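[1] From the sequence below, what's the structure:
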Amino acid sequence: MVIRALLLFLLTALPVAAQDSLRLIVPPMRPVVGEMIPVTIRGEYEGAITLENMQFPDSTAYDWIQVARDRWADERVEGRLRRVFERRIAVFPRAAGTLTIGPVVHRLTKAQGTARLQADVTASPVVLSVLAYPGSGRPLAARHVTVKDEYSADPASLRPGQTFTRRLTLTAEGSMDHLLPPRPDIRGDGLVSLAAPEIRETRLTAEGPVAVAIWEWSLRPQGSGSGSGSGGALTPIQFVWFNTLIREMRGAVTLPVQVGPAGAGPDGAARPPARMAALARGPVGGIALLAG
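    Below you'll find the model as predicted:
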């Protein structure tokens, strides 16, 4: 009886497995370390599926995140009506060399009359060649990087003892928050600074993950800075990153900001020195400034 039941199971299960397919879809690319590799896991199945389970494999070779909800739909594939499954994953390689993604197994439970049959469908692995990150430090590779520099008050009009807040927001499209650089040092002559806890998060969008880091400081001028007046200056901060669209290293730079009346213009607004303003607009050490 046991042998007969086993043969019956094989006869019913094998055609189901033969009609199903699962594959990893990766665009042709040669990513650098830290660059997002978009992976679509696509399954095409026949029959009624009652239960399913898929675990994307963890690895010491990459980080990964699911960027959208699983999609199920009925589609005609080569003239046959199939139950189509898609899962979108973003993979970030940790080191240069050969990267293997997969295999991935999708465990299905199907209804066949009153019976419930299990079918494991496997997607073959994909192998990519990963290039070394062309910069130093944490590998920040993104489609676009923006830096927003905000102040709670006009720093140029402050007097000694007055406190203001500086908030710096770094956003990288197509990256994860742990790949963003560490909190920058805030240096300013004659300034006392107190840092708030940093905020890091990875936001999911239709175009993929977006990494965000927010740093905030309470700053207070104290006494005389370098030069006349009672203020100092906040020096520029530079963030270097790899632009995945043009395949080049780029730089995003904040402008220097005068704190206190020293160096303020006639309207009281903070005026960066002409040399420093030109530096912020032009190439910096061979790294082009982020536009926009």
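[2] From here on, just use CA atoms for contacts and neighbour counts.
    OK.
[3] Pairing partners for the helix or strand hosting Leu219, with directions?
    Assigned by DSSP states H and E, Leu219 belongs to strand 208-221. Paired neighbours of strand 208-221 in the sheet (DSSP bridges): strand 164-173 (antiparallel), strand 191-195 (antiparallel), strand 199-205 (antiparallel).
[4] Would you mark the buried spots in the last one?
    Pointing back at strand 199-205 there. Judged by neighbour count (16 or more other C-alpha atoms under 10 Å), strand 199-205 contains these buried residues: 200, 202-204.
[5] so which of the strands paired with strand 208-221 gets nearest Ile41?
    strand 199-205 (18.0 Å; C-alpha to C-alpha).
[6] Quick one: mean pLDDT over the closest one.
    Per-residue pLDDT over strand 199-205 has a mean of 96.
[7] Show me which residues of the helix or strand hosting Thr100 are buried.
    Taking DSSP H and E as the definition, Thr100 sits inside strand 97-101. Going by neighbour count (16+ other C-alpha under 10 Å), the buried part of strand 97-101 is 99, 101.
[8] Now it: average pLDDT?
    98.
[9] Which residues does the helix or strand that it is followed by contact?
    Downstream of strand 97-101, the first helix or strand assigned by DSSP H and E is strand 104-112. For strand 104-112, the external contacting residues (C-alpha atoms under 8 Å, 6 or more residues apart in numbering) are 22, 47-57, 116-125.
[10] thinking again about what came up before, could you dump the buried residues of strand 199-205 into a markdown table with distance to Ala68 added?
    Below are the buried residues of strand 199-205 laid out as a markdown table (distance: C-alpha to C-alpha, whole Å):
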| residue | distance to Ala68 |
| --- | --- |
| Arg200 | 20 |
| Thr202 | 13 |
| Arg203 | 11 |
| Leu204 | 8 |
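[11] Now do the nearest residue to Asp63 once chain neighbours are set aside against Pro28, distance only.
    Among residues not flanking Asp63 along the chain, Phe92 sits closest, at 5.0 Å (C-alpha to C-alpha, 6 or more residues apart in numbering). Using C-alpha to C-alpha, to the nearest Å, Phe92 is found at 15 Å from Pro28.
[12] So for those two, which sits in the more crowded spot?
    Phe92 (24 against 8; other C-alpha atoms under 10 Å).
[13] which outside residues touch the host helix or strand of the more buried one?
    Here Phe92 sits within strand 80-93, counting by DSSP H and E. Applying C-alpha under 8 Å, 6+ apart, the contact partners of strand 80-93 are 32-47, 61-76, 99, 130, 208-209.
[14] Only C-alpha atoms, please: export the strand holding Leu219 in PDB.
    What follows is strand 208-221, C-alpha atoms only, in PDB (Å, rounded to 0.1, in the frame of the first residue of the first chain):
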ATOM      1  CA  GLY A 208      13.400  51.500  -5.400                       C
ATOM      2  CA  PRO A 209      14.900  52.200  -2.000                       C
ATOM      3  CA  VAL A 210      15.900  55.800  -0.900                       C
ATOM      4  CA  ALA A 211      18.400  56.200   1.900                       C
ATOM      5  CA  VAL A 212      18.000  59.200   4.200                       C
ATOM      6  CA  ALA A 213      20.200  60.400   7.000                       C
ATOM      7  CA  ILE A 214      19.300  63.500   9.100                       C
ATOM      8  CA  TRP A 215      21.800  65.200  11.400                       C
ATOM      9  CA  GLU A 216      20.900  68.000  13.700                       C
ATOM     10  CA  TRP A 217      23.000  70.300  16.000                       C
ATOM     11  CA  SER A 218      22.300  73.100  18.500                       C
ATOM     12  CA  LEU A 219      24.900  75.800  17.900                       C
ATOM     13  CA  ARG A 220      25.800  78.800  19.900                       C
ATOM     14  CA  PRO A 221      28.400  81.500  19.200                       C
END
